[in-house]
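Student: sharing a model that was predicted from the sequence below.
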Amino acid sequence: MSVKTARRRVRALVRRQFYSLFSSLGTLWGHRLGTLMTVLVLGIAMALPLGLHVTLQNLRSLDLNQDEWGTITVFLKSEADEQGAAEFARRVNSRGDASAVLISPEQGMEDFRDASGFGQALDLFETNPIPWTLLVTPQVAESEDLGGRVASIASWLGEQNVVDLVQVDYKWMQRLSGLLGVGNALATVLSIMFSLAVVVVIANTIRLDVANRSEEIQVLSLVGANDGFIRQPFLYAGFWYGLLGAVLALFLLSLSILYLNKPLERLLSAYGNSFEMDGLGGSQIMLVILSGGVLGFCGAWLSVQRYLR
């Protein structure tokens, strides 16, 4: 085979592929209502795991302060003065298994002012209600149990006469981290299940299309068309179904983010945090669109292959 002949065949193959690609899109446009219903089902099915993924992605971006999970907040009694508070802090540091940072009432009030957002409303207090406070951080080796060490130190702190309240907050942070891990696993499971659902929906849609064009397929077979030629328009139709479903899923996801962003921003601003939901990045969007097309292609191939057998 000469180079000229090979080039001619390649050009003919490329032209035929492009013709099948866009003619299949024209066929879908000719059945607009049926195409719209199918794409809506696909878009919703794809949007659900995408929404969960984006939610977890934004939660992971929050600063959970894992280095401070074991920190114990100790509020001293109101009658404790600076000398007594400093002496107690030295006693805690001398234990060897924890370090203490002393916070004065004035500093505690400023920190609370910045974190709470109450601002000048706190100036209405005639006296500072915040006592001397200690932030106690346990010294835990990698092989040790953080929970056991925190419980031991908290128990000792609670027995001291100068201590009014011991506050341990690390449990809910650990649970939140665990829930994020469960959420990641759930997102993976849902992605697999809904991907299978997308393949099944497209396979069933293409199966009906093949059944409606069975006479045309028989005529093509009689004139010598091979299986690849017969499959081609159906495979591209499945590709378009998956791609359009992915685009619709991204559109629904964007609308959901716009709708939820303001309420979440107002909620977290009340706790002194600024937050703005982030959507998918450019590479992630391209991956979703490509994945939708591939799923549609696979569903169509399964359906047509079964018919040709």
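Tutor: Received, thanks. Numbers count the residues shown, from 1 in each chain.

Student: which residues of the stretch 151-300 of the chain fall in strands?
Tutor: In the stretch 151-300 of the chain, the strands defined using DSSP state E, counting those that start in this stretch lie at 163-168.

Student: for this structure, which segments count as helices?
Tutor: 3-30, 32-61, 82-94, 105-116, 146-158, 170-212, 214-222, 227-269, 282-308 (DSSP state H).

Student: tell me where the model's unsure across the stretch 51-200 of the chain.
Tutor: For the stretch 51-200 of the chain, the stretches with pLDDT under 70 are 60-70, 112-126, 140-147, 169-177.

Student: how does it look with 50?
Tutor: 65-68 (pLDDT under 50).

Student: redo the helices of the chain as TSV? Include mean neighbour count and distance to I130.
Tutor: Any C-beta I mention is one placed from the backbone N, CA and C, and that applies to glycine too. Listed next are the helices of the chain as TSV, based on neighbours: other CB atoms under 10 Å; distance: least, CB to CB, whole Å:
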stretch	mean neighbour count	distance to I130
helix 3-30	12	67
helix 32-61	17	31
helix 82-94	15	12
helix 105-116	14	4
helix 146-158	16	18
helix 170-212	16	22
helix 214-222	12	81
helix 227-269	18	23
helix 282-308	18	45
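
Student: which one of those lies closest to P129?
Tutor: helix 105-116 (8.4 Å; CB to CB).

Student: on that earlier part again, let's have the helices of the chain in JSON lines, adding distance to L134.
Tutor: Output for the helices of the chain, formatted as JSON lines (distance: least, CB to CB, whole Å):
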{"stretch": "helix 3-30", "distance to L134": "69"}
{"stretch": "helix 32-61", "distance to L134": "31"}
{"stretch": "helix 82-94", "distance to L134": "6"}
{"stretch": "helix 105-116", "distance to L134": "11"}
{"stretch": "helix 146-158", "distance to L134": "8"}
{"stretch": "helix 170-212", "distance to L134": "16"}
{"stretch": "helix 214-222", "distance to L134": "81"}
{"stretch": "helix 227-269", "distance to L134": "28"}
{"stretch": "helix 282-308", "distance to L134": "45"}
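
Student: which one of those helices lies nearest to V74?
Tutor: Of all the helices of the chain, helix 146-158 comes closest under CB to CB, at 5.5 Å.

Student: mind giving me the packing neighbours of that closest one?
Tutor: The contact analysis (3 or more CB pairs under 8 Å, 6 or more residues apart in numbering; DSSP states H and E) places helix 146-158 against strand 72-76, strand 133-138, strand 163-168, helix 170-212.

Student: ok so, going back, tell me which of the helices of the chain lies nearest to I72.
Tutor: Here helix 146-158 is closest among those (CB to CB), at 5.6 Å.

Student: may I have that closest one as CSV, with CA atoms only?
Tutor: Taking C-alpha atoms only, helix 146-158 is exported to CSV below (Å, rounded to 0.1, in the frame of the first residue of the first chain):
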residue,chain,number,x,y,z
LEU,A,146,-4.4,10.6,73.2
GLY,A,147,-7.8,10.0,74.8
GLY,A,148,-6.4,8.2,77.8
ARG,A,149,-3.7,10.9,78.5
VAL,A,150,-6.2,13.7,78.1
ALA,A,151,-8.7,12.0,80.5
SER,A,152,-5.9,11.4,83.1
ILE,A,153,-4.7,15.0,83.0
ALA,A,154,-8.3,16.4,83.0
SER,A,155,-9.1,14.3,86.1
TRP,A,156,-6.1,15.6,87.9
LEU,A,157,-6.9,19.2,87.0
GLY,A,158,-10.5,18.9,88.1
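
Student: got the angle for it vs helix 170-212?
Tutor: 150 degrees (axes from the mean of the first three to the mean of the last three CA atoms, to 10 degrees).

Student: tell me what angle helix 146-158 forms with helix 82-94.
Tutor: Using the same axes, to 10 degrees: helix 146-158 against helix 82-94 is 150 degrees.

Student: what about helix 146-158, distance to the chain center?
Tutor: 35 Å (CA atoms, centre = their mean, to the nearest Å).

Student: tell me what angle it forms with strand 163-168.
Tutor: 170 degrees.

Student: need the contact partners of stretch 204-222.
Tutor: 38, 229-230, 234, 237-238, 241, 299-300, 303-304, 306-307 (CB atoms under 8 Å, 6 or more residues apart in numbering).

Student: and which of those is nearest to S283?
Tutor: Y241 (23.3 Å).

Student: what's the spacing between the closest residue to that closest one other than its chain neighbours and R306?
Tutor: Once flanking residues are discounted, Y241 sits nearest to G296: 4.6 Å by CB to CB, 6 or more residues apart in numbering. For G296, the distance to R306 equals 16 Å [CB to CB, to the nearest Å].
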